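**Student:** heads up, no residue letters with this:
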């Protein structure tokens, strides 16, 4: 019996159990098998099998050791070992370097010191702390101030409304709601545009607290929970002294904490300018506080009620020779309609406000098309220029198109003309020899107008940069945005001390600044003595410096010849105001720190996505 199998070398394998086979036969058989196995007719050997066959004694596996089989790749053992070793050495070296870096003390390059604009910003905001009325917060940081005006509104039998709080306007203790509302609008606008800069300066929480302080007071001046109102508190306190020696906020010279004379409340029933400005203040503040939903909605509701009242009951708040007309007389309410309408649109996204703000008739009444000596002068009385800049922003970034485009393009062009008028090459406004622009044509108290112009120039320059527009045209001449910022810097630098007097007009900034500021609280010592109405006159009339430094107060400023008299009784030189300091704060934050531009989107947070309305079809053709 025989059995055939497969030879591992490829040939046939025969196993025979016949015992009769001789040695020679077995030798011949094996010889035949070997020859068959190695014959060309057998299947070829793979590489491994050949290596086994060809390897000599003691040579087994030498080829295998020269290579490393990585599965998908066979590499030289030398290369493999060299690569692994290199990686291990690199890892050790990296760990060593890391250890050194971790253990060696670090020496970071110190941050550059704050620029003058940032330093002045800290101080300018402190002025608002000194002007607070009502129960002061513990962190107010003005040691010589205390609670005051704690019966405002409640002590007037004709009103009986809680009007405690808010801000005093200037060196007196009157709360003029028209300019103070404008001041709050300006602060809110600056926060919306330069939120990151406030944060970098460490002043964001502070300025928002000031805006809330002012906004909460505005909400007290009318029935803010109602949808319709018929009156607003326009002023608390009295300043007219023409009636004789009657104790009031201008006749008496007392610390606000010691006031014991009556403080009447002036209410108005037709005051479109005041109501529209208050609406603008609350609307702008609602954007500042958009992350606090309930409070923001409360502000929007109040603004809506006020703006409705301003449209329903037409009239100037300071008409008829009233007490406000002697100090903050409003020339018209049309500019407040454009200004307030723009802010209402930004706060609500309701297009009816934009339709109003861009109505050609409204613009005409506001003075957009006829110029005049004060054209381009932005102030507590004239909001047109600010409104035009604000609406130019809308056109630059959102471009709402028809039916708003025509008047928006007009406002945009007029904004460019106003910016041209600020430049020294044009003679629209005179300048002092020291370089201060005379926006109020040489009249007293110039600085409040200068800081507003500096802010508008700065923010418009940043608008153009954000819109990838390198500049604008003044007639045939093209000017870069840097020219606008340089204008703003030269004016603010003048105020901070680069002037012929070598005096900073911001109290507490620099080495030389006014020491006889026209301010009752700062000029009377806090020594436990209560000086009555006339008893404080000695502090008003003394030639000694104020016992208290009212940090950050920007005084009224020099005359048209760069002259300045540091005299307490001359308020045209030495009295600070709330509206003036608000413009200063806005200009300072715009110029402070690195030029990282405006926040493009926050101001539009309530505005829905825009799809321009198609223009109406042309009139049918007639032969």
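**Tutor:** Good, I have the coordinates. Keep in mind that what you see is a predicted model, and the values were worked out from it rather than measured.
**Student:** ok, then the element right after the helix ranked longest in the chain?
**Tutor:** Ordering each helix of the chain by length in residues (DSSP state H) puts helix 77-103 first. Sequence order places helix 116-130 as the next helix or strand after helix 77-103, per DSSP states H and E.
**Student:** tell me what that following helix is packed against?
**Tutor:** helix 195-201, helix 204-220, helix 578-591 (3 or more C-beta pairs under 8 Å, 6 or more residues apart in numbering; DSSP states H and E). Any C-beta I mention is one placed from the backbone N, CA and C, and that applies to glycine too.
**Student:** name the helices or strands packed onto the second one?
**Tutor:** Think helix 204-220. helix 116-130, helix 177-193, helix 195-201, helix 272-288, helix 293-312.
**Student:** what about the strands in the stretch 401-550 of the chain?
**Tutor:** 471-474, 477-480 (DSSP state E, counting those that start in this stretch).
**Student:** Can you lay out those strands as CSV showing mean neighbour count?
**Tutor:** Shown next, in CSV, are those (neighbours: other C-beta atoms under 10 Å):
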stretch, mean neighbour count
strand 471-474, 17
strand 477-480, 13
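**Student:** Spatially central residue in this protein, please.
**Tutor:** The chain has residue 194 as the residue nearest its centroid, 1.8 Å off, counting by C-alpha atoms, centre = their mean.
**Student:** if I pick that one, what's in contact with it?
**Tutor:** 589-590, 598-599 (C-beta atoms under 8 Å, 6 or more residues apart in numbering).
**Student:** which sections of the stretch 51-200 of the chain are below the confidence cut-off?
**Tutor:** 51-66, 68-73, 75, 80, 101-111 (pLDDT under 70).
**Student:** re the thing from before, could you point out which of the strands of the stretch 401-550 of the chain sits nearest residue 88?
**Tutor:** strand 477-480 (58.3 Å; C-beta to C-beta).
**Student:** So what touches the closest one?
**Tutor:** 420, 423, 470-473.
**Student:** show me where the stretch 501-623 of the chain has helices.
**Tutor:** For the stretch 501-623 of the chain, the helices defined by DSSP state H, counting those that start in this stretch occupy 520-523, 537-541, 571-574, 578-591.
**Student:** Need those in a markdown table (columns: mean pLDDT).
**Tutor:** Converted to a markdown table, the helices of the stretch 501-623 of the chain look like this (pLDDT from 0 to 100):
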| stretch | mean pLDDT |
| --- | --- |
| helix 520-523 | 98 |
| helix 537-541 | 97 |
| helix 571-574 | 98 |
| helix 578-591 | 98 |
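**Student:** out of those, which comes closest to residue 298?
**Tutor:** helix 578-591 (22.4 Å).
**Student:** How far away from the center of its chain is the closest one?
**Tutor:** A distance of 12 Å separates the centroid of the chain from that of helix 578-591, by C-alpha atoms, centre = their mean, to the nearest Å.
**Student:** re earlier: now render the helices and strands packed on helix 116-130 as JSON lines, adding distance to residue 609.
**Tutor:** Listed next are the helices and strands packed on helix 116-130 as JSON lines, based on distance: least, C-beta to C-beta, whole Å:
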{"stretch": "helix 195-201", "distance to residue 609": "23"}
{"stretch": "helix 204-220", "distance to residue 609": "28"}
{"stretch": "helix 578-591", "distance to residue 609": "29"}
